[in-house]
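Next come a sequence and a model predicted from it.
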Amino acid sequence: MDSAKIANEDLLYGLPNELMLAIMELLCPADATNFALSCQHLLCVFLGNKERILMNVLKRQPEINILLYLCTACEDESRTVQTMLCPRIVDYACEKFTANLMQLGDASQEFPYRRTFIMRKFTLTIQQVERVWNMTKVIDWWVERYPGLHWRDNSDDRRCLRGSEVVRVRKAVARWWLYAYHHHGSNPRFSAIQPSKWATDTRLHHIRLMPTSEISELWHLWRLVRETVSKDLCSSPEKVCHCKVGLLPQSVPTTICLLTALQQGYSVELVPWGAGEGRRHAKIVRTYMKLDPKQLRYYLSHFANWKKSVTVNSVSEIEEDFGRDSETLSVSLSKVLEERKIVKQVQSWGDIPQFGIVDEDRPSNLDTSEWLEDAWPDGRVPLSPEHIATLPRDSPLCVARGDDGTEEFVPF
């Protein structure tokens, strides 16, 4: 065994460094990191060409522009649509080379006709580039987990994601992360009022910048996040069924049973937090959906189906008064889809094709081009103020109060 290992290492050391660099640059960030850490020789090659590898790999990622918006976000950006997600130029410069990561594109021509913006230019440091690299590794984790979550109850249909599906997952997770950074978490909230149609609102601004197809893809991802939070984070083992697995009562769904001790002939049922208290479980889930992709990855990896008190105490350390409100991404998505339906004069929701993440959830025989390129590039509804004034308005509603699952919760 030792001789075989030595022979393999000698073969690896014999490969030209340029070939190993080419291999690293074809991998996703997580795989490139693991490949470099597999032996000392590869690590030396990686570190010796670190900037080049990071640049070439990151520029290939479909979500890179979204993450650069997040990485270059300013303190005042969440406060007004005049500064929210304005086009920018992002470069990286070092002694060896200079690389452009984001260009203005056509935005500089489109924006002046709708609203003015200040063109911002950023030059990233190597620490900022490494931050983006680590963020893409989080997205790699979600890509890897997605099939298991999507086909949770249909394991026979489970498969690896195709290339186009990977792109959709990566962009949707990045969009979720960008929205969570500005409107969930510890950043100041835009408003205590829910987003409403036709309003000038930074929360809606995020979604209006996307074509309808990507809004639908994000909606499918968000629905999956809700199911994952409900079953894997906000459910704890509280009931023990003293029976063999084959004799479980029909009232106990096997999909929510943690079969921890088959040889002893019992299973542990995962009970949703707030079960039997009306809609409290749904409120708890919507509160924990404020976690961003990195935070939720951590809790799914280390706190999945733990005791409620342990998880609640840990999450409370992230943000003071974590349970003060719920996520707003669901409302923002639905409001912008309603706007698109009215602007496009679509009669019913059934006339809008559904664009899921996986190919089976997408239209195959329809002309969907109008839904792939209908983003509003300045984040505003493309109707005159006079026209918008004639359209029905939403009644103002407060953002739903949150619930972190503590026993001290007092219902409305």
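Ah, there it is.

who touches stretch 325-337?
Residues outside stretch 325-337 that contact it (Cβ atoms under 8 Å, 6 or more residues apart in numbering) are 176, 179-180, 183-184, 189, 192, 194-197, 203-204, 206-208, 212, 215-216, 218-219, 222, 283, 286-287, 289-290, 352, 394, 399-402. Any C-beta I mention is one placed from the backbone N, CA and C, and that applies to glycine too.

can we see that at 7 Å?
Applying Cβ atoms under 7 Å, 6 or more residues apart in numbering, the contact partners of stretch 325-337 are 179, 183-184, 194-197, 203-204, 206-208, 215, 218-219, 222, 283, 286-287, 289-290, 399-402.

How about stretch 170-178?
Here stretch 170-178 makes contact (Cβ under 7 Å, 6+ apart) with 61-63, 66-67, 69-70, 139, 142-143, 206, 214, 217-218, 221-222, 292-293, 357.

quick one on the thing from earlier: would you show me how to pick out the buried ones of the contacts of stretch 325-337 in PyMOL?
Command for PyMOL that selects the buried part of those, burial taken from 16 or more other Cβ atoms under 10 Å:
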select buried, resi 179+183+184+194+195+196+197+203+204+206+207+208+215+218+219+222+283+286+287+289+290+399+400+402
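
if you look at the contacts of stretch 325-337, which of them are in helices?
The helices, defined by DSSP state H, take in 179, 183, 203-204, 206-208, 215, 218-219, 222, 283, 286-287 from the contacts of stretch 325-337.

Next, format these as CSV and append distance to Gly379.
Shown next, in CSV, are the ones in helices among the contacts of stretch 325-337 (distance: Cβ to Cβ, whole Å):
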residue, distance to Gly379
Tyr179, 13
His183, 14
Arg203, 11
Leu204, 8
His206, 8
Ile207, 9
Arg208, 5
Ile215, 13
Leu218, 16
Trp219, 18
Trp222, 20
Lys283, 30
Arg286, 25
Thr287, 27
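
Let me have the residues you listed in CSV, extended by pLDDT.
What follows is the ones in helices among the contacts of stretch 325-337, written out as CSV (pLDDT from 0 to 100):
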residue, pLDDT
Tyr179, 95
His183, 91
Arg203, 93
Leu204, 94
His206, 93
Ile207, 96
Arg208, 95
Ile215, 97
Leu218, 98
Trp219, 97
Trp222, 98
Lys283, 95
Arg286, 96
Thr287, 95
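
Where does the prediction get shaky in this structure?
Low-confidence segments of the chain (pLDDT under 70): 1-11, 78, 104-118, 186-191, 239-267, 365-367, 408-412.

50 instead?
Scanning the chain for pLDDT under 50 picks out the ranges 1, 106-113, 245, 248, 250-263, 412.

per-domain residue ranges of it.
2-48, 64-230+326-389 (automatic domain parsing).

if you compare those domains, which one is most tucked away?
domain 64-230+326-389 (a mean of 17; mean count of other Cβ atoms under 10 Å).

Distance across it, terminal residue to terminal residue?
38 Å (Cα to Cα, to the nearest Å).

just to revisit the earlier point, tell me which two of the ones in helices among the contacts of stretch 325-337 sit farthest apart.
The distance between the two most remote of the ones in helices among the contacts of stretch 325-337 (Cβ to Cβ) is 27.5 Å, for Arg208 and Lys283.

Now do the same for the spatially most central residue of the chain: helix, strand or coil?
Central residue check for the chain by Cα atoms, centre = their mean: the C-alpha nearest the mean position is that of Val173, 2.4 Å away. Following DSSP: H, G, I helix; E, B strand; the rest coil, we place Val173 in the helix state.

Also Arg131?
With three-state DSSP as the basis, Arg131 sits in helix.

List the contacts of it.
Listed by Cβ under 7 Å, 6+ apart, the contact set of Arg131 reads Cys71.

picking up where we left off before, quick one: the residue nearest to the centre of the chain from His220, how far?
12 Å (Cβ to Cβ, to the nearest Å).

Ok, Ser314 next?
According to Cβ to Cβ, Ser314 and His220 sit 29 Å apart.

same deal with Thr83?
The gap separating Thr83 from His220 is 30 Å, by Cβ to Cβ.

same deal with Arg159?
17 Å.

Same check on Leu372?
16 Å.

just Val285 next, same as before
Noted for Val285: a distance of 17 Å to His220, by Cβ to Cβ.

mind listing the helices in the stretch 1-150 of the chain by residue range?
All helices of the stretch 1-150 of the chain, identified by DSSP state H, counting those that start in this stretch, fall at 2-13, 17-26, 29-36, 40-48, 50-60, 64-71, 107-110, 126-150.

Of all those helices, which one comes closest to Arg279?
Short answer: helix 126-150, nearest of those by Cβ to Cβ, at 23.6 Å.

Quick one: the helices in the stretch 301-412 of the chain, in order.
308-316, 329-343, 369-372, 385-389.

what about the first one, distance to the chain center?
What separates the centre of helix 308-316 from the centre of its chain is 22 Å, taken as Cα atoms, centre = their mean, to the nearest Å.

same question, the longest one
Relative to its chain's centre, helix 329-343 lies at 19 Å (Cα atoms, centre = their mean).

List every C-alpha atom in that helix, with coordinates, as PDB.
C-alpha atoms of helix 329-343 as PDB (Å, rounded to 0.1, in the frame of the first residue of the first chain):
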ATOM      1  CA  LEU A 329     -38.600  38.000   0.800                       C
ATOM      2  CA  SER A 330     -41.800  36.000   0.300                       C
ATOM      3  CA  VAL A 331     -43.900  39.200   0.200                       C
ATOM      4  CA  SER A 332     -41.400  41.000  -2.100                       C
ATOM      5  CA  LEU A 333     -41.400  38.100  -4.600                       C
ATOM      6  CA  SER A 334     -45.200  37.900  -4.700                       C
ATOM      7  CA  LYS A 335     -45.700  41.700  -5.000                       C
ATOM      8  CA  VAL A 336     -43.300  42.000  -8.000                       C
ATOM      9  CA  LEU A 337     -44.900  39.000  -9.700                       C
ATOM     10  CA  GLU A 338     -48.300  40.800  -9.300                       C
ATOM     11  CA  GLU A 339     -46.800  43.900 -10.800                       C
ATOM     12  CA  ARG A 340     -45.500  41.900 -13.800                       C
ATOM     13  CA  LYS A 341     -48.900  40.300 -14.300                       C
ATOM     14  CA  ILE A 342     -50.600  43.700 -14.400                       C
ATOM     15  CA  VAL A 343     -48.000  45.500 -16.500                       C
END
